[in-house]
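[1] pasting a predicted model and its sequence here:
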Amino acid sequence: MRQSMTLIPTLREVPADADIKSHQLLLRAGFIRQTASGVYTYMPLAKRTLDKIESIIREEMENAGAAELLMPALQPAELWQESGRWFTYGDELMRMHDRHGRDFALGATHEEVITSIVNDDVQSYKRLPLTLYQIQTKFRDEKRPRFGLLRGREFIMKDAYSFHTSAESLDEVYNKMYTAYMNIFTRCGLDFRAVLADSGAIGGKDTQEFMVLSEIGEDTIAYSDTSDYAANIEMAECVVDYKRTTEEENELEKISTPNQKTIAEVSSFFNVNSQKCIKSLVFKVDDEPVMILVRGDHDVNDIKVKNVLNAKSVELCDHEETEEILGCPTGSLGPVGVNGKLKVYADHAVKVMVNAVCGANEDGYHFSNVNPGRDFEVDFYADFRFITEGDPSPDGQGRIRFARGIEVGHIFKLGTRYSEAMDANYLDENGRAQNYIMGCYGIGVSRTLSAIAEQFNDENGLVWPKNIAPYHVHLIPVNMKDDAQVSLAEELYELCKANRYDALLDDRSERPGVKFKDSDLIGLPIRVTIGKRASEGIVEVKVRKTGESFEVDKANLLPLIN
Ligand code: ATP
Ligand code: MG
Ligand code: MG
Ligand code: MG
């Protein structure tokens, strides 16, 4: 491509509203332009890089046995109503209606659409397993779109969905996807880690995230300093065995009588100063009540039980049940918790993580001066705390360390979550209808582009790894008025094209300083400067990454720029 014919609007100044490196550099190097908050135009260079990332993804998906299709962004509300997510997805789902008043959503993800497609067209067990994927624009009305492409409201995702007749078959495809993801992010040159993730209420180890290591990452990874263990902190919180500190033991003493098998309370992560009362949170795990007491004056709006290990079901108790379990009147006691996440252990080995955002801030909405054990009996022991650096690793090897990560991919065993809700079935060998067992596998394609930019840059600009650079070679004739330079540049440009090297020819009549600055900013792996010695057929090669440069005769150029 000739630079005069494409659009690479570089900027000298750092844009004021961009506060991380990748966002600044992608704007400055002319890769992206913001069209609305969280909505970007991919300029020609970004488009080429996206294409390269996508072609790596396509190759690896093909290897994993996934077939590409393309589903619509516009999705009828009925599908989301069937799955139930119309009512639970919240404001992130972009909703709208057509001229007839029918409700629609812009696809935030495609489990509903794909489940309905497969349900219509795949009736027999003989057609399973089946894995389908697409690379498509997604819409999520993020509360805080930020960091450019890292958290957009419109973004590109690769999403794959697999359909199975058995858990074993799902395991097999899940593992293939895991391998494909490892290959994809390795081929993109990224420094990343696969981590155990939080699977919501569905259960244990059946979901992993792929995290690009970066200080600006919004996720925290807890990993062992000596073993392979790595988990999203939300997940690690659920599995780390925690021993109370003396201070916490003392706090516990204050609220409970010594020999009861009871509730624990840990104050270290609440605002201890505002302990005016005790609040309780009662929920059931596999039908058995577990109660947590929380001290402090926290507001409760909503409590979600987020993650449960070793438990089939978890449900929050309402007021009446709470009273029944506690065996004492609770007045207008509401479910309570703290801002943030709690990790809870009950002594029958149920491990629960509760995501409690609070709301009972009116008088009478909580116990005052109530002493557990004295005022009511409690049968379960619970203990909770945030995991911290230095805690023992859950695999028993080493200590926990923290790192920050950018979630670029996520693989997930869904089971029958969608097929059950949407009554999506195949017929088994005996002609009986069975729900499809499903998996889903996402990659943030546009986020990956940003993550690469975040990891590969220096003080002069972007430094693209070869595999995903928009072009491989930047040809720069220093002086466009010099015929020898121009004709050699043209000759090398043709040579590159003929040998399938992607080349960008800076044929603009700009000052050399401008050309070089732009070239560093754009960050193509190889720069070839066609300058003073053009008449002798000698050019200068500069490797962007190392800064290494050398002169070379045009005849020897190609093998040297590989
Ligand atoms: P996050 O935790 O960052 O909000 P998510 O867990 O909601 O992401 P998934 O539903 O797992 O995202 O979607 C699959 C992939 O899509 C993610 O791993 C991520 O790479 C990408 N992705 C999700 N939300 C965004 C966004 N707002 N902008 C860009 N990419 C995104
Ligand atoms: Mg999200
Ligand atoms: Mg996430
Ligand atoms: Mg995710």
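    Received it, and whenever you're ready, just let me know what you need. Ligands and ions are numbered 1, 2, ... in the order given.

[2] please list all residues in contact with the residue in the stretch 401-550 of the chain positioned nearest to ligand 1.
    In the stretch 401-550 of the chain, the residue that lies nearest ligand 1 is residue 444 (2.3 Å; C-beta to the nearest ligand atom). Quick note: C-beta positions are derived from backbone N, CA and C, even for glycine. If you count contacts by C-beta atoms under 8 Å, 6 or more residues apart in numbering, residue 444 has them with 155, 156, 157, 407, 408, 409.

[3] ok, residue 447 next?
    Residues in contact with residue 447 (C-beta under 8 Å, 6+ apart) are 149, 150, 151, 152, 155, 406, 407, 408.

[4] now neighbour count too, for those residues, in CSV please.
    Formatted as CSV, these follow (neighbours: other C-beta atoms under 10 Å):
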residue, neighbour count
149, 26
150, 28
151, 19
152, 26
155, 22
406, 28
407, 21
408, 27
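
[5] return only those of these found close to ligand 1.
    Among those, proximity to ligand 1 is found for 151, 152, 155, 407, 408 (C-beta under 6 Å from any ligand atom).

[6] among the residues you listed, which are in strands?
    Those of these mapping onto strands are 155, 407, 408, per DSSP state E.

[7] residue 440 is in contact with residue 158, correct?
    No: using C-beta atoms under 8 Å as the test, residue 158 is too far from residue 440 to be in contact (11.2 Å).

[8] burial of residue 78, as a residue count?
    13 (other C-beta atoms under 10 Å).

[9] surely it is in a helix?
    Yes: using DSSP: H, G, I helix; E, B strand; the rest coil, the secondary structure at residue 78 is a helix.

[10] distance check, it against residue 106.
    15 Å (C-beta to C-beta, to the nearest Å).

[11] ditto for residue 221
    Distance from residue 221 to residue 106, by C-beta to C-beta: 31 Å.

[12] what about these two, which has more around it?
    Neighbours per residue (other C-beta under 10 Å) separate residue 221 from residue 106, with residue 221 holding more: 23 against 19.

[13] now what about whichever strand or helix holds that one, what contacts it?
    For residue 221, the host element (DSSP states H and E) is strand 219-224. By C-beta under 8 Å, 6+ apart, the surrounding residues in contact with strand 219-224 are 193, 195, 209, 211, 213, 229-233, 236, 240, 387, 393, 395, 397-407.

[14] what do you get if the cut-off is 6 Å, keeping everything else the same?
    195, 211, 230-231, 233, 236, 393, 397-398, 400-403, 405, 407 (C-beta atoms under 6 Å, 6 or more residues apart in numbering).

[15] for ChimeraX, what selects the buried ones among those?
    Remark: buried members of those, expressed as a ChimeraX selection using 16 or more other C-beta atoms under 10 Å:
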select :195,211,230,231,233,236,393,400,401,403,405,407
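
[16] looking at the contacts of strand 219-224, which has the smallest pLDDT value?
    Lowest in pLDDT among the contacts of strand 219-224 is residue 236, which has 59.

[17] which positions in this protein make contact with ligand 1?
    Residues of the chain lying near ligand 1 by C-beta under 6 Å from any ligand atom: 109, 140, 142, 151-152, 155, 157, 407-410, 442, 444, 446-447.

[18] in a helix, residue 552, correct?
    No: counting by three-state DSSP, residue 552 is not found in a helix; it is strand.

[19] just the strands from the stretch 51-200 of the chain, written as ranges.
    Per DSSP state E, counting those that start in this stretch, the stretch 51-200 of the chain carries strands over the ranges 67-68, 74-76, 94-97, 103-106, 130-139, 154-164, 192-196.
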